[in-house]
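Student: pasting the sequence and the predicted model now:
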Amino acid sequence: MANLFSFLTGSKKAARPLPADFHSHLIPGIDDGVPTAEEAFRVIDRLLERGYTKLITTPHIMTDYFGNTSSSVTEAYQAFLPVLREAGYDLSFDIAAEYYLDENLYQQALRKEKFLTFGDRYLLFETNPISEPMMLKEFIFQLTTQGYKPIIAHPERYQFMTPEKAQDLRDRGVLLQLNMLSLIGYYGPPIQKLAVKLIDSGMVDALGSDCHHIDHAKLLEKVQATSAYSRAVELPLLNYRL
């Protein structure tokens, strides 16, 4: 009867919210994310409105930008967390990182250096947006043999990515984290098309907000209204297991 009522009235059941997000840039002033604590609070408020109860924020660690290291990111988090609590936020708020795959990161993996991870040793990384890094497969091998569980951020945004390459990554033990804003064409139609294709092929292992500022956060309501999002949240996403 409820389904018939929805059909007759034209109402649509809302897609379920995700409990956890593990891709955002919410530590003030350390990368291209929020510049101030006040901006971080505004973004967090929006994420709470969208149904999130756990945030694992992931500042960029890139050799030639921002000057971040695992230690400096951890220190910035430890400085911000009391500010967050003093402002009255009691949500689960943790830290990891979004690592950029370059020669320096590759060498760190070869040296078996310790990386910032979350959950069961999940490690979020990205690559350059145009060409597949020559060391990508060896980097993945190094991570997995050391017990890390690699997650590639926003695979739909890489020009070299295809559904076949995405499946190969998954076969090598890599999880695929889709950016939610891709579903509304925020990064362009080709990226949106690949994102939807990955969802419909069942190859999406997680959704991430990748919020850098309040404008990103404001768009999440529009994302949650899409049919692609509704299909994505029915997949066995990592977001439900953190």
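Tutor: Thanks, I have it.

Student: pLDDT weak spots in the chain?
Tutor: 1-14 (pLDDT under 70).

Student: the protein: helices as residue ranges?
Tutor: Ranges of helices within the chain are 2-9, 37-49, 70-86, 103-110, 136-145, 163-171, 189-200, 214-224, 227-232, based on DSSP state H.

Student: redo the ones you listed as JSON lines? Include mean neighbour count and distance to Pro28.
Tutor: (Glycine included, C-beta is placed from N, CA and C.) JSON lines is the format used below for the helices of the chain (neighbours: other CB atoms under 10 Å; distance: least, CB to CB, whole Å):
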{"stretch": "helix 2-9", "mean neighbour count": "9", "distance to Pro28": "43"}
{"stretch": "helix 37-49", "mean neighbour count": "18", "distance to Pro28": "5"}
{"stretch": "helix 70-86", "mean neighbour count": "15", "distance to Pro28": "6"}
{"stretch": "helix 103-110", "mean neighbour count": "16", "distance to Pro28": "24"}
{"stretch": "helix 136-145", "mean neighbour count": "16", "distance to Pro28": "29"}
{"stretch": "helix 163-171", "mean neighbour count": "14", "distance to Pro28": "33"}
{"stretch": "helix 189-200", "mean neighbour count": "18", "distance to Pro28": "28"}
{"stretch": "helix 214-224", "mean neighbour count": "17", "distance to Pro28": "13"}
{"stretch": "helix 227-232", "mean neighbour count": "19", "distance to Pro28": "29"}
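
Student: ok, which of those comes nearest Glu156?
Tutor: Nearest to Glu156 among the helices of the chain is helix 189-200; the distance by CB to CB comes to 4.2 Å.

Student: what sits up against the closest one?
Tutor: 155-157, 161, 163, 166, 176, 178-179, 182-185, 204, 228, 231-232, 235 (CB atoms under 8 Å, 6 or more residues apart in numbering).

Student: on that earlier part again, closest to Pro129 out of the helices of the chain?
Tutor: helix 189-200 (10.1 Å).

Student: now do that closest one: distance to the chain's middle.
Tutor: 16 Å (CA atoms, centre = their mean, to the nearest Å).

Student: neighbours around Ala15, how many?
Tutor: 19 (other CB atoms under 10 Å).

Student: now do the contacts for it.
Tutor: Counted by CB under 8 Å, 6+ apart, Ala15 has contacts Gln224, Ala225, Tyr229, Ser230, Val233.

Student: one more time with 7 Å
Tutor: Gln224, Tyr229, Ser230, Val233 (CB atoms under 7 Å, 6 or more residues apart in numbering).

Student: and what of Ala228?
Tutor: So, once contact is read as CB under 7 Å, 6+ apart, Ala228 ends up touching Leu183, Val196, Ile199.

Student: let's go with 10 Å and repeat that
Tutor: 15, 178, 180, 182-184, 192, 195-200, 204 (CB atoms under 10 Å, 6 or more residues apart in numbering).

Student: which pair of those spans the longest distance?
Tutor: Ala15 and Lys197 (19.1 Å).
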